[in-house]
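Visitor: Would you be able to build a 3D model of this:
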Amino acid sequence: MELTREYLRAHLPERPEQGHKGSFGHLFVLAGSRGFTGAAKLACEAAGRSGVGLVTLGVPRTLGDAMAASLLETMSLPLPATDAESLSFAALEPALQFAADKQAVALGPGLSRHPETTAFVHAFVARCTAPMIVDADGLNALSERPETLTAIQAPCILTPHPGEMARLTASTTAEVQRDREASARRLANSSRCVVVLKGHHTLIAGPDERLAVNLTGNNGLAKGGTGDVLAGLLGGLLAQGLPPFDAACLGVYLHGLAGDLAAARFTARGMTAGDVIALLPDAWRTIGA
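Guide: Residues are numbered from 1 along each chain as shown. Reported below is the predicted structural model:
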């Protein structure tokens with residue numbers, strides 16, 4: 001199935017006129033570490049453009065003040081940190097407790113590959129009950145013990161690029177790229193998660209055999225930070241109550257469309273991840289939302 005504006009308009013999250021911020025979901029973002037605070041910032045700012053009502057960033061305690069000052073529209077939850085200023089395994093219980101009544105969780109941007117943080121990811125995804133998107137270092141952690149994927153009970157979206165897909169499936173990037181559709185389908189079936197295989201003509205594969213291809217986007221999106229933008233956007237859509245497959249389709253299309261608008265304004269060479277965030281409202285307008 002090729003994604004179209006008409007299809008996506010039929011799957012927009014409801015937005016009642018009498019709604020308030022509590023009506024549109026609360027997203028919990030677990031992201032950031034020393035040297036990678038930008039990933040957390042981009043994910044939260046993109047979530048804010050998704051239509052979600054509230055966003056809270058769970059961040060290593062040592063980075064909390066800096067992130068709070070940078071993200072004026074995002075609440076923060078300082079969590080136990082390692083000596084390397086990443087999430088400690090001691091963050092597990094407070095993070096699970098906070099996530100318990102949230103509508104969605106976005107896990108992974110800039111978390112780092114610290115061993116304690118990796119252990120946190122394995123335990124968190126196995127026990128979290130809120131719908132999740134797992135991205136970036138969340139996927140890197142899972143690739144060290146892929147069997148953890150089968151322990152995920154909550155509705156979940158995985159967002160690998162080809163290299164991450166290769167690590168998750170014990171294959172090579174070349175093998176993934178040789179048959180992207182088969183790779184996406186296999187991981188969706190084995191994990192029972194929706195899989196977003198990023199790249200030229202991003203694929204969305206569901207565990208129910210549905211497959212969608214997205215034709216928006218351009219090579220200006222091949223820059224650091226744009227994946228963090230997609231993670232925040234998808235998390236915000238999940239938090240508004242969309243099923244994972246629908247959230248993935250809408251988010252991928254909007255992300256690519258905002259990228260096309262950014263390329264038209266700034267050129268593909270000159271556009272940045274921040275430009276994609278800034279043009280998400282225009283993308284929404286273009287599809288008639």
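
Visitor: Grab the most central residue of the protein for me.
Guide: Ala231 (2.0 Å; Cα atoms, centre = their mean).

Visitor: and the helix ranked longest in the chain, how far out from the chain's middle?
Guide: Looking across the chain with DSSP state H, the single longest helix is helix 244-266. On the basis of Cα atoms, centre = their mean, to the nearest Å, helix 244-266 sits 13 Å off its chain's mean C-alpha point.

Visitor: Which SSE is immediately downstream of it?
Guide: The C-terminal neighbour of helix 244-266 among helices and strands, as given by DSSP states H and E, is helix 273-278.

Visitor: Could you identify the helix or strand that succeeds that next one?
Guide: Downstream of helix 273-278, the first helix or strand assigned by DSSP H and E is helix 280-286.

Visitor: Which secondary structure elements does that next one sit against?
Guide: Judged by 3 or more Cβ pairs under 8 Å, 6 or more residues apart in numbering; DSSP states H and E, helix 280-286 is in contact with helix 244-266. (Glycine included, C-beta is placed from N, CA and C.)

Visitor: hang on, Gly51 in a helix?
Guide: No. Using DSSP: H, G, I helix; E, B strand; the rest coil, the assignment for Gly51 is coil, not a helix.

Visitor: Name the next helix or strand downstream of the longest strand belonging to the chain, please.
Guide: Determined from DSSP state E, the single longest strand within the chain is strand 54-60. Going down the chain from strand 54-60, the next helix or strand is helix 64-70, by DSSP H and E.

Visitor: Quick check: buried residues in the helix or strand just after that following helix?
Guide: Of the helices and strands lying after helix 64-70 in sequence (DSSP H and E), the nearest is strand 75-79. Neighbour-count burial for strand 75-79, counted by 16 or more other Cβ atoms under 10 Å, picks out 76-79.

Visitor: Tell me the gap between the helix or strand just after strand 75-79 and the middle of its chain.
Guide: Using DSSP H and E, the helix or strand that directly follows strand 75-79 along the chain is helix 92-99. Here the centre of helix 92-99 is set off from its chain's centre by 19 Å, with Cα atoms, centre = their mean.
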